[in-house]
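Q: return a 3D structure for these sequence lines:
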Amino acid sequence: MDSVPKKRYGQHFLRDTGIMNRIVDLVRPEAADLMVEIGSGDGALSIRLAPKVLRLFALEIDFDLIPLLRQALLPFPNAEVIAADILNADLAALVAPYLGPGISLRLAGNLPYNIGTAIIERMLSSTAPIKDMSFMLQLETAERIGAAPGSKSYGYFSVLCQHLCEVRTGFKVSPACFMPRPKVFSAMVSLRPRIRRVAGGYEDDFQMIAKAAFAHRRKTVANSLKLHAELKTMAERLLRRADLDGSRRAEDLSVEEYERLACLWHERKGTA
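A: Numbers count the residues shown, from 1 in each chain. Below you'll find the predicted structure:
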């Protein structure tokens with residue numbers, strides 16, 4: 001029984017064993033790792049991760065692939081196949097019984113192009129204690145995550161990822177390494193969540209301000225913030241307090257400058 005890619009799941013199965021080995025080398029799985037693989041497919045990467053970790057959860061949404069995945073992982077009693085959609089699954093609840101002193105929760109996977117961004121956003125909002133995430137993504141998405149201020153790829157998603165994580169872009173992968181071949185290149189990205197100890201509600205304020213700034217990319221950041229219902233009356237005063245030129249555009253502000261704006265807004269709310 002062969003793996004038959006389904007367009008609705010955005011499936012492109014990695015078939016290059018050399019690339020799979022490079023992924024394992026990049027992830028560097030360890031014996032105390034609790035590994036969650038998202039989109040395990042027929043287990044081609046799973047069988048390389050399972051023998052190196054404490055426990056592997058292999059998540060797969062395509063029920064037709066579950067028998068193949070279970071068969072591939074039969075030799076590994078520490079591996080468990082989970083038939084689930086990661087966008088609906090409760091990651092924190094899934095891993096909670098297996099976490100303990102010295103155990104690291106780590107995520108890996110070859111993510112579908114069409115929902116790669118959505119999966120990462122969901123993982124960034126998870127309460128699970130994720131140590132790091134190593135994902136294969138469409139090259140364009142990978143470049144957006146690691147983009148620098150002022151570049152064409154830099155946007156809200158770049159700011160969010162770099163605010164919440166240390167980001168490292170890995171190697172590129174040719175379409176020829178997949179079946180079926182995608183029309184674009186792929187790339188590995190590693191995200192290591194930062195330990196953040198901030199007042200409750202700050203992260204919501206950060207996301208609100210960053211989204212408001214990028215909502216109107218052709219406008220200045222001052223004008224964009226003025227168009228937001230909650231920020232409009234305070235936009236110019238907030239920018240002055242942050243010592244930021246409101247005539248700049250959203251893509252020109254650094255992550256640190258967005259953090260400064262969010263801190264000032266959050267402090268103002270706390271004293272209002």
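Q: now the strands for the chain?
A: In the chain, the strands defined using DSSP state E lie at 13-14, 33-38, 55-60, 79-83, 104-110, 130-138, 165-173, 178-179, 186-193.
Q: run through who's touching the first one.
A: Strand 13-14 is touched from outside by 3, 5, 20, 41-42, 44-45, 110, 136, 173, 177-179, with contacts defined as CB atoms under 8 Å, 6 or more residues apart in numbering. C-beta coordinates here come from the backbone N, C-alpha and C atoms, glycine included.
Q: now it: how far from the chain's centre is it?
A: 20 Å (CA atoms, centre = their mean, to the nearest Å).
Q: in its sheet, what does it sit against?
A: Neighbouring strands of strand 13-14 in its sheet, by DSSP bridges, are strand 178-179 (antiparallel).
Q: now the spatially most central residue of the chain: how far from L74?
A: Within the chain, the residue whose C-alpha comes closest to the C-alpha centroid is I120; the distance, by CA atoms, centre = their mean, is 2.7 Å. Applying CB to CB, to the nearest Å, one obtains 31 Å for the distance of I120 from L74.
Q: can you check D62 too?
A: To L74, D62 is 19 Å away according to CB to CB.
Q: of these two, which one has the most company?
A: D62 (21 against 10; other CB atoms under 10 Å).
Q: I'd like to know how far the closest residue to A176 other than its chain neighbours sits from P175.
A: Counting by CB to CB, 6 or more residues apart in numbering, the nearest residue to A176 once its immediate chain neighbours are dropped is D16, at 7.8 Å. Between D16 and P175 the distance, using CB to CB, works out to 11 Å.
Q: just R48 next, same as before
A: In this structure, R48 and P175 are separated by 21 Å, where distance is defined by CB to CB.
Q: just the helices in the stretch 101-250 of the chain please.
A: 116-124, 139-146, 156-164, 202-214, 221-226, 235-241 (DSSP state H, counting those that start in this stretch).
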